[in-house]
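S.K.: Give me coordinates for this.
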Amino acid sequence: QVQLVESGGGLVQAGGSLTLSCTASGGTFSSPAMAWFRQAPGKEREFVASISGRGAAYPSSVKGRFTISRDNAKNTVWLQMNSLKSEDTAVYHCAAFQGTYYTGSVRDTDFGSWGPGTQVTVSS
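M.R.: Residues are numbered from 1 along each chain as shown. You can find the predicted model right below:
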């Protein structure tokens, strides 16, 4: 079974940038869509970005600041985060869509193979 592992998190000042990576081990990227989610303390897990044959999608909270990309040959998904804000502080997870046809779902229950996450802390 494919295992996903995230890296690249850290402490950054507001306005700064970070690039997160998600690498698959034990298999290859075969899912039609990959996504990033985040979870802040005391809050529900939140959709951040997805990438599929339909392109990339983002919620309004990160659109224009975050960019998701994918290289299937490298079994890696990236999340470039710019203009970071304190409200971006969270644990970031990548996940693979579990279905056959991706139609744009942002529900975390439609994704699996969750990685352990990487902490992003933005200081104001």
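
S.K.: Tell me which stretches of the chain form strands.
M.R.: 3-7, 10-13, 18-25, 33-39, 46-52, 55-57, 66-71, 76-81, 90-97, 111-112, 118-123 (DSSP state E).

S.K.: which residues sit in contact with the residue nearest to the spatial centre of the chain?
M.R.: Taking CA atoms, centre = their mean, the centroid of the chain lies closest to Trp36, which sits 1.9 Å from it. Shown in contact with Trp36 (CB atoms under 8 Å, 6 or more residues apart in numbering): Leu20, Cys22, Val48, Ala49, Ser50, Ile68, Val77, Leu79, Tyr92, His93, Cys94, Ala95. Every residue, glycine included, has its C-beta placed from N, CA and C.

S.K.: swap the cut-off to 6 Å and go again
M.R.: Counting by CB atoms under 6 Å, 6 or more residues apart in numbering, Trp36 touches Val48, Ala49, Leu79, Cys94.

S.K.: Can you tell me which of these is closest to Gln3?
M.R.: The closest of the contacts of Trp36 to Gln3 turns out to be Cys94 (CB to CB; 11.1 Å).

S.K.: The closest one pairs with what?
M.R.: Counting by DSSP bridges, Cys94 forms beta bridges with Trp36.

S.K.: Same question for stretch 21-31: list its buried residues.
M.R.: In terms of neighbour count (16 or more other CB atoms under 10 Å), stretch 21-31 has its buried residues at Ser21, Cys22, Thr23, Ala24, Phe29, Ser31.

S.K.: Need the pLDDT of the residue nearest to the centre of the chain.
M.R.: Listed pLDDT for Trp36 reads 98.

S.K.: what do you get for Phe47?
M.R.: Value listed for Phe47 in the pLDDT field: 98.

S.K.: Show me what it bridges to in the sheet.
M.R.: Bridge pairing for Phe47 - DSSP bridges - gives Phe37.

S.K.: wait, what's in contact with it?
M.R.: Phe37, Pro59, Val106.

S.K.: same deal with Ala95?
M.R.: Counting by CB under 6 Å, 6+ apart, Ala95 has contacts Ala35, Phe111, Trp114.

S.K.: residues near the second one, how many?
M.R.: Neighbourhood size, Phe111 [other CB atoms under 10 Å]: 25.
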